[in-house]
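**Student:** Mind looking at a prediction? Sequence and model below.
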Amino acid sequence: MTEQERIELQQNNPLHGLKMEDMLQQLVDHYGWEILDTAMRLNCFNTKPSITSSVKYLKKTDWAREKVENFYLYRFKRMPKATEAEFELPPRARPFPHGLEPREPMELTVDSILLSQAKAASAHKARTGRRPSRR
């Protein structure tokens, strides 16, 4: 893939040219702080959350910023999940096919997120063969 083709594909990424502050404002306006905190478990969404303080934290913390960007891409914009190779790239560098349009945001509640997290934890335990410890 040429550099020009890569740039064209990357321009289809909903994060392309989007400021962190604008992305976070869209998420807060749609979901609110409680749902963002439950879904991503970031302290900046829990303790006295504000756009300014959250942006400051996310700009300093790569893993947290990528977590929020992934949430934006795959739950808010509902883009197709990244392949294994694409997942190795930071969210802002991932290519999306030309003409692919974002869909309506997922409707989330605190209860639906907690249920999803419980199912994921249970599936992980089943895959790894771990059993809950008894004390």
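**Tutor:** Nice, thanks for sending it over.
**Student:** Quick check: the gap between the residue lying closest to residue 33 once chain neighbours are set aside and residue 122.
**Tutor:** Distance criterion CB to CB, 6 or more residues apart in numbering; nearest residue to residue 33, sequence neighbours excluded, is residue 49 at 4.5 Å. For the C-beta atoms, the positions are set from N, CA and C on the backbone; glycine is no exception. Distance of residue 49 to residue 122, given as CB to CB, to the nearest Å: 29 Å.
**Student:** So which of those two has more stuff around it?
**Tutor:** Using other CB atoms under 10 Å, the more surrounded residue of residue 49 and residue 122 is residue 49, with 18 against 10.
**Student:** Can you name the residues that contact that one?
**Tutor:** 33, 36-37 (CB atoms under 8 Å, 6 or more residues apart in numbering).
**Student:** do residue 51 as well
**Tutor:** Taking CB under 8 Å, 6+ apart as the test, what residue 51 contacts is 21, 24-25, 28.
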